[in-house]
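In: Pasting the sequence and the predicted coordinates here, then a few questions.
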Amino acid sequence: MDVALDVNQVVREYEERIVRYLSSLLGDAALAQDLTQETFLRIHKGLDHLRSPEARTAWIYRIALIIRQAGLPGLPEMVLQAWFAG
C-alpha cells in the first residue's frame, strides 16, 4: 500500500466534510480550518494503524473530535498514541 497516495485520497475525500463538521461544532470557520489541518496530520501519522478500512470514516471523524475536544492543535501525543494502540 502506498501511504502517500492513501493520505492524499483521504484528504480529497474527507477534507471538506471535516471542515464542515468542525465548523458546526466550533462556530468558527478559521479555527475549523486549522483543526482540520491538524486532523489530517494525525491521520497521516496514524494511517498505518487503521486496522479496518471499513471503519475509515468513523476513525477520521473520531480523530477530528479528539482534536476538537483538545481545543487547539497541541493535543498531547500520548492521548492519540494510546487511542491508535488500542
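Out: Everything's here; your move. Residues are numbered from 1 along each chain as shown.
In: and the residue nearest to A29 when sequence neighbours are not counted, what are its phi and psi?
Out: Spatially, and ignoring its direct neighbours in sequence, A29 is nearest to S23 (5.1 Å; CB to CB, 6 or more residues apart in numbering). Placement of C-beta: from N, CA and C, glycine included. Main-chain torsions, S23, degrees, to the nearest 10: phi -60, psi -40.
In: Which stretches in this structure count as helices?
Out: Applying DSSP state H to the chain gives helices spanning 3-26, 29-46, 56-70, 77-85.
In: export the ones you listed to JSON lines and tack on mean pLDDT?
Out: Output for the helices of the chain, formatted as JSON lines (pLDDT from 0 to 100):
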{"stretch": "helix 3-26", "mean pLDDT": "87"}
{"stretch": "helix 29-46", "mean pLDDT": "90"}
{"stretch": "helix 56-70", "mean pLDDT": "90"}
{"stretch": "helix 77-85", "mean pLDDT": "57"}
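In: related to what we said a few turns ago, run a quick neighbour tally on the residue nearest to A29.
Out: Look at S23: counted by other CB atoms under 10 Å, it has 17 neighbours.
In: And for G46?
Out: 16.
In: Test my guess that it contacts R62.
Out: No. At 10.9 Å, G46 and R62 do not qualify as touching, with contact defined as CB atoms under 8 Å.
In: If we ignore the residues flanking it in sequence, what's nearest the residue nearest the centre of the chain?
Out: In the chain, the centroid-proximal residue (CA atoms, centre = their mean) is T39; its distance is 3.2 Å. By the measure of CB to CB, 6+ apart, the closest residue to T39 outside its immediate chain neighbours is A64, 4.6 Å from it.
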